[in-house]
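Trainee: Sequence and predicted structure are below.
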Amino acid sequence: MNDQVSGKTGRARAVTAERPAPSAVDAMVAKIRGLISDGGLQLGDSLPTEKELCERFDAGRNTVREAMRILKAYGVVAVRPKVGATLIDDRMERALDLFSFNTLDISRRTFNDIQGFRKLIEVGSVDTIFDHVSAKDVAELRALNAALREAPSISEASELDFRFHLRLVSILDNRAAHDVYRIMKPVIIRIMERGKQIRDFNVDTFEQHATVVDALELRDRIRYQYALITHLHLGLWAFDEEGEADRPAL
């Protein structure tokens, strides 16, 4: 029995030993976040001064400054001369900046992941979309699609393509879904641009969108799902990491 206890204790110590202690800066970030939540601070409220934070948490000035820099990068605080640190909520903008900074090429796996996620939102929410869609929604989707048909370049067509799908998602009236799409915009746009390099976007994308909107207006659930799934996965072969061996004949 003692051997079993000893063995478990040894394993527990080994697991604990593998977990590095947080750095002084990470610990300070956690303390300041705790101060914000425990103190019931609201947007626009001021945080204690740098000197006060040093004294409150018995920390060095450099540690506090680095922690504040991280919170600023998170979009949680704004630091201004003679004013100090105040609480803000720019977290969504920081997430957008971070995602747009990603310049890596789009792989087939990324394509599958992104388009699969979009399918969950745009196709999987068909019942909610049909419950909420209005004549105004349909009219605005058609207007965006008409503008896409006249787009003079791939970049402009891709921007309108994204706005079409974002408008479709907005029918859900779900802020979280809408914000996630905004964060994903740089990658979605790159997927759209790559697909449009190999197809006539003024015709193909326009016709695919038109089929989706027609099904939406008619409340034809099966037609809507089929049209949208086909549209989202049509460019899969363009992201084949093995080359163009699987490219279908045009």
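Mentor: Perfect, I can see it now.
Trainee: quick check: longest helix of this structure.
Mentor: Secondary structure assigned by DSSP state H gives helix 175-196 as the longest helix of the chain.
Trainee: any idea how far that one is from the chain center?
Mentor: 8 Å (CA atoms, centre = their mean, to the nearest Å).
Trainee: after that helix comes which helix or strand?
Mentor: helix 204-218 (DSSP states H and E).
Trainee: so Leu141 is in which element?
Mentor: According to DSSP H and E, Leu141 maps onto helix 135-149.
Trainee: Name the residues that touch that helix?
Mentor: The contact list for helix 135-149 (CB atoms under 8 Å, 6 or more residues apart in numbering) reads 157, 160-161, 163-164, 167-168, 171, 201-203, 205-206, 209-210, 213, 216-217. In this view, the C-beta of every residue, glycine as well, is placed from N, C-alpha and C.
Trainee: do the same with stretch 205-215
Mentor: So stretch 205-215 is contacted by 138, 141-142, 145, 148-149, 157, 161, 164, 168, 196, 199, 220-221, 223-224, 227-228, 230-231, 234 (CB under 8 Å, 6+ apart).
Trainee: Which of those residues are buried? Put it as a ChimeraX command.
Mentor: In ChimeraX, this line selects whichever of the contacts of stretch 205-215 come out buried by 16 or more other CB atoms under 10 Å:
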select :141,142,145,148,149,157,161,164,168,196,224,227,228,231,234
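Trainee: Show me the protein divided up by domain.
Mentor: Segmentation of the chain into domains, based on automatic domain parsing, reads 2-89, 96-239.
Trainee: among the contacts of helix 135-149, which ones are buried?
Mentor: Buried residues within the contacts of helix 135-149, counting neighbours by 16+ other CB under 10 Å: 157, 160-161, 163-164, 167-168, 171, 201, 205-206, 209-210, 213, 216-217.
Trainee: need the helices for this protein, in chain order.
Mentor: For the chain, the helices defined by DSSP H occupy 2-17, 24-38, 50-57, 61-74, 91-100, 108-118, 126-132, 135-149, 154-170, 175-196, 204-218, 221-233.
Trainee: any chance of those helices in TSV, with distance to Gly44 and mean pLDDT too?
Mentor: What follows is these, written out as TSV (distance: least, CB to CB, whole Å; pLDDT from 0 to 100):
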stretch	distance to Gly44	mean pLDDT
helix 2-17	41	49
helix 24-38	12	87
helix 50-57	19	92
helix 61-74	15	87
helix 91-100	16	59
helix 108-118	35	84
helix 126-132	34	95
helix 135-149	35	97
helix 154-170	29	95
helix 175-196	21	86
helix 204-218	42	95
helix 221-233	42	92
